[in-house]
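Enquirer: requesting a structural model of the entry that follows:
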Amino acid sequence: MIDRFKLAYIGAGSFRFSTGLFLDICQATELSPMEIGLCDIDERSLYIMEKMFRRIVKKANKLNGIDIRITCSTNREDILENADVVYKSISVGIQEAEWFDIHIPYKLGIPQNTGDTVGPGGLFRGLRTNPIVADIARDMKRLCPKAMLLNYTNPQATIVLAAHTVAPDVQYIGLCHELFGGMKTLQAFFNEKLNYTIPNWRNLDFEYAGVNHFAWITKLEYEGEDLYPKVRKHAHSLFLDNYKNHGYNFHLLEKYGWFPYPGSRHIAEFLPNYYNFFNHKIQSPHWKFPILRNVRLLGMGRKAVYFIFKVIGTGLWVPKPRSSGELAIEMTTAWINDVPTPFVVNIPNNGIIPQLPSDSIVEVPAVFKNGKITPISMIDIDSTIADLLRPHAEQHRYTVNAALGNDLDLVVKAMQHDPMNQWIEDPDRIEYLSKLMLYYEQQWLPKEWKEWIPKELELKDSKWWVSGRDLMKFGRTYKIKKYDIDLKLKSKAYFPK
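Expert: Numbers count the residues shown, from 1 in each chain. As a prediction, this is how the structure comes out:
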């Protein structure tokens, strides 16, 4: 019998990650022969993905001789048993749940341009996902205890913390590609503006630290030269030029002295002075965030991508194996061979960043050492940056306690601690927002929560009631703010000079 490397992919119906990961897998000849187990709770999506993947595998076999056997199941236990590595990219509730994540808070005065990491949307995405993540971690401990899991699901930090809370020995690692865009921008600046010849951003000597979607470059050198003084010197002009669409990042560099590398829309939600009830439509000409996450457009995009998946499944056009830019396969081979390649990961802090809570999840560079992901070094961060990061790092535990608990008070407490929610300085409104979102999203939350999730009759008498009519997907009603917040808070909001 051939000894096959077994890779389990949970959430194989992902329209963002599945195709890229399939193409990566089909060029990983060093892992051949392989068994790839695909799992998705949506049977129809799983069928589409299986057909597409079989076409890609068939083409790859002709091109490079890779030997892949495919199995599929809507039950993750079937594919997890004896798995060597697990990939995960699930979205609980998909756009139907995201509709409530975005539009209910907006009615009560809290806009979100993304809503997948922080704020009410990020927290409720965590409440929906983390109980399932915890179950996956428990299943891995039982069925494949030596396997490594690479997570592509947001919110990264609380998902990784939930897994480590229930199964601390399972190697559950969060991945993110925001670093790549930020570093390419810095590389381009030095080459285009200062006439350096840096061939690739990976040739820079750099370190970084923070939390997912809110992390900062803490060291930036090239061939022994500290490059930070030069980029700080040009920060204002780069901000004014919105250089490479990173004007907001360069504004923060000018203000705080350090460069945050994630996309501007993500960072803004961690700094609600820049993105709030008063200014989300009035933005600097030197940067641009979405006014509000366009959930409808996202749903349409999903349908369009699935149409392409179906075309591939028919064999009319099948892409060749190639690198997608994601690093899951590269990490997998480094893990197997114990190659000390640095990767950007989200893992438990445990003192890596001394200024942040030990039980928070941090985004740092790490390598595989003796089969375990290991931070390259401890990273001290500037005290000003630490003050910005700390409330969000503390929020990780609040969110996980709420997600893995069975208590309304825990959900309210987590909502009230979130910095975006705190910004409006109205804990009673946030408590009601918690109950309202629980009511509308209950079908995607743990079944046992229904005993204490408020009923419509309990909620309708509130001065902040949001009805189903207010949230209709047709027309323009869902786009309208319903309740203003205290005008005195406008003094906290940043407006472009």
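
Enquirer: burial measure for Gly315, as a count.
Expert: 13 (other C-beta atoms under 10 Å). For glycine as for every other residue, the C-beta is placed from the backbone atoms N, C-alpha and C.

Enquirer: mind listing what the most centrally placed residue in the chain touches?
Expert: The residue lying closest to the centre of the chain (C-alpha atoms, centre = their mean) is Asn154, at 3.3 Å. With contacts defined as C-beta atoms under 8 Å, 6 or more residues apart in numbering, Asn154 is in contact with 116-117, 122, 125, 212.

Enquirer: just flag the most distant two among those residues.
Expert: Pairwise distances across these peak at 12.7 Å for Arg125 and Asn212 (criterion: C-beta to C-beta).

Enquirer: so how far is stretch 225-240 from its chain's centroid?
Expert: 28 Å (C-alpha atoms, centre = their mean, to the nearest Å).

Enquirer: tell me the buried residues in it?
Expert: Buried residues in stretch 225-240, counted by 16 or more other C-beta atoms under 10 Å: 227-228, 230-232, 234-235, 238-239.

Enquirer: how about the strands in the stretch 201-350 of the chain?
Expert: Taking DSSP state E, counting those that start in this stretch, the strands of the stretch 201-350 of the chain run over residues 205-211, 214-222, 225-226, 259-260, 343-348.

Enquirer: still on that earlier bit, I'd guess the residue nearest to the centre of the chain is in a strand, am I close?
Expert: No: assigned with DSSP: H, G, I helix; E, B strand; the rest coil, Asn154 falls outside any strand and is coil.

Enquirer: Phe368 in helix, strand or coil?
Expert: Three-state call for Phe368 (three-state DSSP): strand.

Enquirer: what sits against Trp449?
Expert: 406, 438, 442.

Enquirer: likewise Gly20?
Expert: So Gly20 contacts 324-326 (C-beta under 8 Å, 6+ apart).

Enquirer: still on that earlier bit, in a markdown table: the contacts of Trp449, plus neighbour count.
Expert: Shown next, in a markdown table, are the contacts of Trp449 (neighbours: other C-beta atoms under 10 Å):
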| residue | neighbour count |
| --- | --- |
| Asn406 | 12 |
| Leu438 | 22 |
| Gln442 | 14 |
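
Enquirer: give me the subset of those residues lying in helices.
Expert: Among the contacts of Trp449, the members falling in helices (DSSP state H) are Leu438.

Enquirer: how close does the closest residue in space to Pro155 that isn't next to it in sequence sit to Glu178?
Expert: Nearest residue to Pro155, sequence neighbours excluded (C-beta to C-beta, 6 or more residues apart in numbering): Thr117, at 4.6 Å. Distance of Thr117 to Glu178, computed by C-beta to C-beta, to the nearest Å: 11 Å.

Enquirer: for those two, indicate the residue with more neighbours.
Expert: It is Thr117, of Thr117 and Glu178, that has more neighbours when counted by other C-beta under 10 Å, with 25 against 19.

Enquirer: and that one, helix, strand or coil?
Expert: Per three-state DSSP, Thr117 ends up coil.

Enquirer: can you pull out the helices in the stretch 51-200 of the chain?
Expert: 76-80, 94-107, 119-143, 156-166, 178-193 (DSSP state H, counting those that start in this stretch).

Enquirer: now, of those helices, which is deepest in the fold?
Expert: Counting by mean count of other C-beta atoms under 10 Å, helix 156-166 has the highest mean neighbour count of those, with a mean of 27.

Enquirer: thinking again about what came up before, which one of the contacts of Asn154 is nearest Glu43?
Expert: Glu43 lies nearest to Arg125 out of those, by C-beta to C-beta, at 23.4 Å.

Enquirer: from Pro357, how far off is the closest one?
Expert: The gap separating Arg125 from Pro357 is 21 Å, by C-beta to C-beta.

Enquirer: and Gly13, by the same measure?
Expert: Going from Gly13 to Pro357 by C-beta to C-beta gives 35 Å.

Enquirer: between these two, point out the one with more neighbours.
Expert: Gly13 (25 against 15).

Enquirer: does the closest residue to the more buried one other than its chain neighbours belong to a helix, a strand or coil?
Expert: Distances taken as C-beta to C-beta, 6+ apart put Ser45 closest to Gly13, at 3.2 Å, once the chain neighbours are dropped. For Ser45, the assignment made with three-state DSSP gives helix.

Enquirer: where in this protein is pLDDT low?
Expert: For the chain, applying pLDDT under 70 flags the ranges 1-2.

Enquirer: rewinding a little: which among the helices of the stretch 51-200 of the chain is found nearest to Lys481?
Expert: helix 94-107 (6.3 Å).

Enquirer: name the residues that touch that closest one?
Expert: Defining contact as C-beta under 8 Å, 6+ apart, one finds that helix 94-107 is touched by 111-112, 115, 119-121, 124-125, 128, 292-293, 295-296, 298-299, 302, 433, 436-437, 440-441, 444, 466, 470-471, 473, 478, 480-483.

Enquirer: just the buried subset of the residues you listed, please.
Expert: The neighbour count (16+ other C-beta under 10 Å) marks 111-112, 115, 119-121, 124-125, 128, 292-293, 295, 299, 302, 433, 436-437, 440-441, 444, 466, 471, 478 as buried among the contacts of helix 94-107.

Enquirer: returning to what we had before: against Arg128, how distant is the residue nearest to the centre of the chain?
Expert: Asn154 is 11 Å from Arg128, by C-beta to C-beta.
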